[in-house]
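Could you work out the structure for the sequence below:
(2 chains)
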Amino acid sequence: QLEQSGAEAKKPGASVKVFCKASGHNTYGISWVRQAPGQGLEWMGWISVYNGNTNYAPKFQGRVTIIKDTSTSAVYMDLRRLTSDDTAVYFCAVSRLGYCRGGGCYLSFDIWGQGTVVTVSS
Amino acid sequence: QSALTQPPSASGSPGQSVTISCTGTSSDVGGYEYVSWYQQYPGKAPRLMIYEVIKRPSGVPDRFSGSKSGNTASLTVSGLQAEDEADYYCSSYGGRNNFVVFGGGTKLTVL
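Numbers count the residues shown, from 1 in each chain, chains lettered A, B, ... in the order given. From the prediction side, this is the model:
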């Protein structure tokens, strides 16, 4: 299971931090996927829970940071300089069926968190 | 604009088969044998239906099948049932600098 933090309401220009904690299964890494209202899925990035290596979608490079908290076994997604376009449901997801090879990770998400609603409004 | 192109809608009658396409490029769909398909009901998290182009996770009915030809992957749902009405998304490995790219989604309607 993946447990996520609760809904957030932010003003434009602010930052938001969403956390995700995995329990009950081993996983190599955790990804973040978001979905704006009425829109499709958008992959944001991935972190290895073993060594902290990350990979970010080009669209979010420089604006998102994914980190792991070894003391709590949680993973955090920090998104900065928020605009109204960042209003979305943010999911964390795990790929137990995927693998990493040759510098890349092949991911198919078979476990998802419940989603965290982030609303950005002035 | 999504990296992968899907038709916005598809439909079929109960018992029929429907195929949803997912078109990318040689840098994603065409370059790797790693395409996944997800089913999503309104207000719910997605569910993995197909991975590695043709494989089904445990618990997914064999009415769902995947294939790929060149830069286009396809999801076929055979023997349509009312419960198959949902949104479907494809994804592909997008390279070392962009592990996952999604399609824009297809709304499947069971008539």
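
Distance of residue B:97 relative to residue A:105?
Applying CB to CB, to the nearest Å, the value for residue B:97 to residue A:105 is 12 Å. For the C-beta atoms, the positions are set from N, CA and C on the backbone; glycine is no exception.

out of those two, which sits in the busier spot?
residue A:105 (21 against 12; other CB atoms under 10 Å in any protein chain shown).

isn't residue A:100 right up against residue A:28?
Yes: using CB atoms under 8 Å, residue A:100 makes contact with residue A:28 at a distance of 6.7 Å.

Spit out the contact partners of residue A:104.
Contacts for residue A:104 (CB atoms under 8 Å, 6 or more residues apart in numbering or on different chains) come out as B:93, B:95, B:96, B:99.

Just the buried ones from the residues you listed?
Listed as buried from the contacts of residue A:104 are B:93, B:99; burial here means 16 or more other CB atoms under 10 Å in any protein chain shown.

Chain A contacts on chain B?
Selection of chain B residues close to chain A by CB under 8 Å from any CB of the partner chain yields B:2, B:32, B:34, B:36, B:38, B:40, B:45-46, B:48, B:51-52, B:55, B:57, B:89, B:91, B:93, B:95-105.

where's residue A:93, which helix or strand?
Using DSSP states H and E, residue A:93 falls within strand A:88-94.

and that strand, which strands flank it?
Here strand A:88-94 is paired, per DSSP bridges, with strand A:29-35 (antiparallel), strand A:111-112 (antiparallel), strand A:116-120 (antiparallel).

Deepest-packed of these, please.
Most buried of those, by mean neighbour count (mean count of other CB atoms under 10 Å in any protein chain shown): strand A:29-35, with a mean of 25.

So what does residue B:31 have for phi and psi?
With angles defined as degrees, to the nearest 10, residue B:31 sits at phi -100, psi -10.

ok, residue 41 - contacts?
With no chain named, the answer covers chain A. A:33, A:34, A:35, B:38, B:40, B:46, B:89, B:91, B:102, B:105.

The chain in question should be chain B.
Residue B:41 neighbours (CB under 8 Å, 6+ apart): B:86, B:87.

Distance-wise, check it relative to residue B:74.
Per CB to CB, residue B:41 is found 22 Å from residue B:74.

on that earlier part again, export the contacts of residue A:41 to a markdown table and append columns for pLDDT and distance to residue B:69.
Formatted as a markdown table, these follow (pLDDT from 0 to 100; distance: CB to CB, whole Å):
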| residue | pLDDT | distance to residue B:69 |
| --- | --- | --- |
| A:33 | 98 | 27 |
| A:34 | 98 | 30 |
| A:35 | 98 | 29 |
| B:38 | 98 | 21 |
| B:40 | 98 | 25 |
| B:46 | 98 | 24 |
| B:89 | 98 | 19 |
| B:91 | 98 | 18 |
| B:102 | 97 | 20 |
| B:105 | 97 | 21 |
